[in-house]
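Asker: 3D, please:
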Amino acid sequence: MPALKQIYAIPPEGSTYAVPQDFDVNFNWDYDDGRAAMMGLYRKGIEMQWNAESRIDWSQELDEDNPEQLPEAMLPISGMAQYEAMSRQEKATVRRHFQGWQISQFMQGEQGALICAAKIVTQVPDIDSKFYASTQVIDEARHVESYKRLLEKFRVAYPMTAPLQELIDQVLRDSRWDMTYLGMQVVIEGLALAAFQQIRDHAQNPLAAAVKANVMQDESRHVAFGRLALRDYYPTLTQAERDEREEFLLEACYLMRDRFDAVEVWKRLGLDPVKCAEHMYDSGFMQLFRSSLFTRIVPIVKDIGLWGDTIRNGYETMGILAYADSDVQALQDADNDIAKDFDARRAYVASVADRARTLQTA
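Answerer: Here you go, the predicted structure:
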């Protein structure tokens with residue numbers, strides 16, 4: 001199997017990217033248990049660790065024509081005249097590149113989350129938050145590994161998009177610890193959960209669906225971590241400070257919405273990005289998809305207390321204000337249950353295979 005660096009459709013600019021840092025490292029000499037809810041999340045983070053090598057059956061293959069076996073409507077340019085005129089093989093290439101591009105952004109985002117979680121451990125003043133964030137660091141490393149292994153089966157990968165890189169850059173450069181939470185735990189993780197859910201719930205390929213389900217089980221805890229930390233902190237800020245954070249949230253939400261335009265894919269395949277964008281804008285599915293990306297973010301923003309005129313007016317303009325009353329806890333519970341179902345199914349298949357081998361050698 002080729003190394004990941006050999007399957008980039010567009011070569012990244014260099015092998016590393018540096019973000020200058022300027023923040024205080026915080027030690028905390030109060031080792032008491034801290035907040036019960038936060039310590040409970042920390043215990044879950046310890047107990048629910050999993051090994052990507054053994055929990056996911058990597059012997060499974062992707063489909064040649066439609067790697068994740070997603071409905072055709074989930075391809076943003078489905079129905080566009082130039083796409084519909086393509087041969088079966090050409091359409092298969094488009095699907096593979098688009099899905100590989102999506103997975104690449106998930107992988108790149110997970111590395112951003114890995115670095116942000118490490119920054120939180122270093123910077124956040126509360127010992128219980130340091131404890132939980134330490135479990136998130138290993139979670140994110142496991143997610144990068146999982147998506148990297150999945151991309152190797154696609155045989156195509158893409159660098160991080162400019163909107164995602166811009167937001168991660170802003171989050172890492174900001175010296176205030178809560179801005180790392182807000183950008184990563186609320187916006188990027190919240191949006192990732194919604195995007196993962198779209199694929200987990202529609203992919204017919206068992207490998208692709210299993211990777212999403214297992215990653216989502218962790219991600220739902222990460223979002224809960226951000227909720228707990230920020231819900232306690234934001235009531236202590238002045239209105240001007242909360243307004244500043246609401247403006248950042250709106251900018252971040254627009255950036256993340258635009259990251260799904262896939263301009264890099266259309267250019268790489270020789271398609272007109274403008275015509276693709278026009279088709280995507282008019283696509284009923286894409287309009288629904290863009291809106292549904294915020295099902296996790298909007299109620300969390302309301303929950304943590306950033307619910308002034310700036311954010312409400314902005315979300316109303318974006319057409320996503322109605323998500324404010326979504327039951328985030330119910331969604332997180334469902335993520336956990338679905339991941340358990342996938343793991344139980346894998347264990348059952350493994351037990352059947354073991355019995356078959358035993359009968360063959362008896």
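
Asker: what sits against the closest residue to residue 169 other than its chain neighbours?
Answerer: Across the structure, with Cβ to Cβ, 6 or more residues apart in numbering as the measure, the residue nearest residue 169 apart from its sequence neighbours is residue 19 (5.8 Å). C-betas here are computed from N, CA, C, even on glycine. With contacts defined as Cβ atoms under 8 Å, 6 or more residues apart in numbering, the neighbours of residue 19 are 168, 169, 172, 173.

Asker: show me where pLDDT drops low in this protein?
Answerer: Within the chain, the segments meeting pLDDT under 70 span 1, 258-259, 284-286, 290, 347-357, 359-362.

Asker: need the longest helix for it.
Answerer: Counting residues, the longest helix in the chain under DSSP state H turns out to be helix 88-123.

Asker: now a PyMOL select for only the buried ones of the contacts of residue 19.
Answerer: Listed next is the PyMOL selection for buried residues among the contacts of residue 19, using 16 or more other Cβ atoms under 10 Å:
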select buried, resi 168+172
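
Asker: elements contacting the longest helix of the chain?
Answerer: Packed against helix 88-123 by the contact rule (3 or more Cβ pairs under 8 Å, 6 or more residues apart in numbering; DSSP states H and E) you find helix 127-154, helix 162-173, helix 177-180, helix 189-202, helix 263-268.

Asker: I'd like the distance from the residue nearest to residue 169 to residue 119, if you could.
Answerer: Computed with Cβ to Cβ, to the nearest Å, the distance linking residue 19 and residue 119 is 10 Å.

Asker: what touches both of these two?
Answerer: Common neighbours of residue 19 and residue 119 (Cβ under 8 Å, 6+ apart) are residue 172.

Asker: the residue nearest to residue 169 in helix, strand or coil?
Answerer: Classification of residue 19 into helix, strand or coil gives coil, according to DSSP: H, G, I helix; E, B strand; the rest coil.

Asker: and what of the one 10 residues further on?
Answerer: With three-state DSSP as the basis, residue 29 sits in coil.

Asker: what is the neighbour count of it?
Answerer: Counted with other Cβ atoms under 10 Å, residues neighbouring residue 29 total 5.

Asker: roughly how far apart are it and residue 132?
Answerer: Taken as Cβ to Cβ, the spacing of residue 29 relative to residue 132 amounts to 19 Å.

Asker: still on that earlier bit, distance to residue 235 added to the helices and strands packed on helix 88-123, as CSV?
Answerer: Supplementary listing: these in CSV, determined by distance: least, Cβ to Cβ, whole Å:
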stretch, distance to residue 235
helix 127-154, 17
helix 162-173, 22
helix 177-180, 12
helix 189-202, 21
helix 263-268, 41
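
Asker: so which of those gets nearest residue 280?
Answerer: With Cβ to Cβ as the criterion, residue 280 lies closest to helix 263-268 of those, at 9.6 Å.

Asker: right, and the helix or strand after that closest one?
Answerer: Note on helix 263-268: by DSSP states H and E, the next helix or strand toward the C-terminus is helix 273-282.

Asker: buried residues of that following helix, list them for me.
Answerer: Within helix 273-282, the residues scored as buried using 16+ other Cβ under 10 Å are 276, 277, 279, 280.

Asker: as JSON lines, those residues with distance to residue 57 would be great.
Answerer: Putting the buried residues of helix 273-282 into JSON lines (distance: Cβ to Cβ, whole Å) gives the following:
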{"residue": "276", "distance to residue 57": "35"}
{"residue": "277", "distance to residue 57": "38"}
{"residue": "279", "distance to residue 57": "37"}
{"residue": "280", "distance to residue 57": "34"}
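
Asker: and which of those residues is nearest residue 12?
Answerer: Proximity of those to residue 12 was ranked by Cβ to Cβ; the top entry is residue 276 with 22.6 Å.

Asker: in this structure the closest one contacts residue 79, no?
Answerer: No. With contact taken as Cβ atoms under 8 Å, residue 276 and residue 79 are classed as non-touching, separated by 11.5 Å.

Asker: so how far is the longest helix of the chain from its chain's centroid?
Answerer: The gap between where helix 88-123 is centred and where its chain is centred comes out at 8 Å by Cα atoms, centre = their mean, to the nearest Å.

Asker: next: stretch 294-311.
Answerer: Taking mean C-alpha positions (Cα atoms, centre = their mean), stretch 294-311 and its chain are 19 Å apart.

Asker: which other helices and strands contact the helix or strand hosting residue 301?
Answerer: Mapping residue 301 onto the secondary structure by DSSP H and E places it in helix 297-303. Counting contacts by 3+ Cβ pairs under 8 Å, 6+ apart, the secondary-structure elements packed against helix 297-303 are helix 189-202, helix 206-233, helix 328-361.

Asker: repeat that with 7 Å
Answerer: Secondary structure elements in contact with helix 297-303, counted by 3 or more Cβ pairs under 7 Å, 6 or more residues apart in numbering; DSSP states H and E, are helix 189-202, helix 206-233.

Asker: and of these, who's closest to residue 62?
Answerer: helix 206-233 (6.6 Å).

Asker: can you name the next helix or strand after the closest one?
Answerer: Along the chain past helix 206-233, the next helix or strand (assigned with DSSP H and E) turns out to be helix 239-258.
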